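Novice: need a structure here:
(one chain, ligands or ions: 2)
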Amino acid sequence: MSLLNSASGYGGLTKALHWLIAGMFAFQYAAGAVMTRMAPSGMALGLPQSAWYNWHKSIGLVALTIALVRLANRRLGELPPWAPTLVDGEKRFIHRAEQLMYAAMLAMPVSGFVYVMAGGYGVHLFGHWHLPNPIGEWPLLASAAKLVHLIGAIALALAVLGHVGLVLRHQLLLRDGLLHRMLPRRNRTP
Ligand code: HEM
Ligand code: HEM
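Specialist: Ligands and ions are numbered 1, 2, ... in the order given. Modelled structure (predicted):
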């Protein structure tokens, strides 16, 4: 398997970044659900609410860096040809869902960052470094960014559900091995 995408399939870099982002976003949704629903003085899995917020903010900012690398990799490199078992309607859906997922990979961390900075909450990165606040307190901007963050979370969840649903339909019902295009060491085009 080569590092970069080629005519025979996705490269190792695309695959590694894809699964890294998928894992980080799964964590972000889980942490987002836990921290916004727990009592401020409570504990969840041995961690206080402040630690959940810290982990959510810190992992979210690392995810932003990885998303930028991923976007550059996608923009600068080539794309493998479509899987031959996809029909035209599915290609259109995949194209739109991928646009939405890439937009959300940037909009989610940026809106989260703007929300906590304009809201005056700040970021204590991994509990070690207080990041400077480049925005200053700005309540109206904080409310707008929070709204973008919440609506973005719903839109991204729908796009990912559609994306995973399409892959699983091909993998489990049509049995054409679509999932293998994104798995290590196998560039088998179905
Ligand atoms: C990288 C991708 C990110 C994803 C997918 C994500 C997702 C989410 C989700 C699903 C929620 C819970 C919404 C709810 O149920 O009310 C949430 C809440 C929140 N997120 Fe993020 N987030 C990301 C990045 C960030 C970043 C980078 C920050 C800040 C630096 C941040 C700050 C927050 C805060 C403060 C809340 C709580 C909002 C509230 O009080 O209701 N997020 N996020
Ligand atoms: C269990 C979860 C997931 C599965 C099983 C999965 C599976 C796949 C597969 C098999 C492909 C290759 C499709 C093709 O043949 O072109 C793919 C591509 C892609 N996936 Fe996922 N995926 C998952 C989660 C995610 C998440 C969470 C995101 C984004 C937040 C995402 C974004 C993308 C994008 C943008 C592509 C196009 C290739 C690229 O530019 O990186 N996927 N996925």
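Novice: which stretches of the protein form helices?
Specialist: For the chain, the helices defined by DSSP state H cover 12-37, 49-76, 88-118, 139-168.
Novice: what residue in the chain is the furthest from its centre?
Specialist: residue 41 (29.4 Å; CA atoms, centre = their mean).
Novice: roughly how far apart are that one and ligand 1?
Specialist: The spacing between residue 41 and ligand 1, counted by CB to the nearest ligand atom, to the nearest Å, is 16 Å. Every C-beta, even on glycine, is put in place using the N, C-alpha and C of the backbone.
Novice: need the contact list for that residue.
Specialist: 48, 49 (CB atoms under 8 Å, 6 or more residues apart in numbering).
Novice: run through the residues that contact the residue lying closest to residue 47 once chain neighbours are set aside.
Specialist: Leaving aside its sequence neighbours, residue 47 sits nearest to residue 55 (CB to CB, 6 or more residues apart in numbering; 7.8 Å). By CB under 8 Å, 6+ apart, residue 55 lies in contact with 31, 47, 126.
Novice: kindly report the same for residue 51.
Specialist: Taking CB under 8 Å, 6+ apart, one finds residue 127 in contact with residue 51.
Novice: distance of it from residue 35?
Specialist: Residue 51 sits 9 Å away from residue 35, taking CB to CB, to the nearest Å as the criterion.
Novice: tally of neighbours for the closest residue to residue 35 other than its chain neighbours?
Specialist: Distance criterion CB to CB, 6+ apart; nearest residue to residue 35, sequence neighbours excluded, is residue 52 at 3.8 Å. When counting by other CB atoms under 10 Å, one arrives at 21 neighbours for residue 52.
Novice: contacting residues for residue 52?
Specialist: Counting by CB under 8 Å, 6+ apart, residue 52 has contacts 31, 34, 35, 38, 44.
Novice: point out where this protein drops to low pLDDT.
Specialist: 186-190 (pLDDT under 70).
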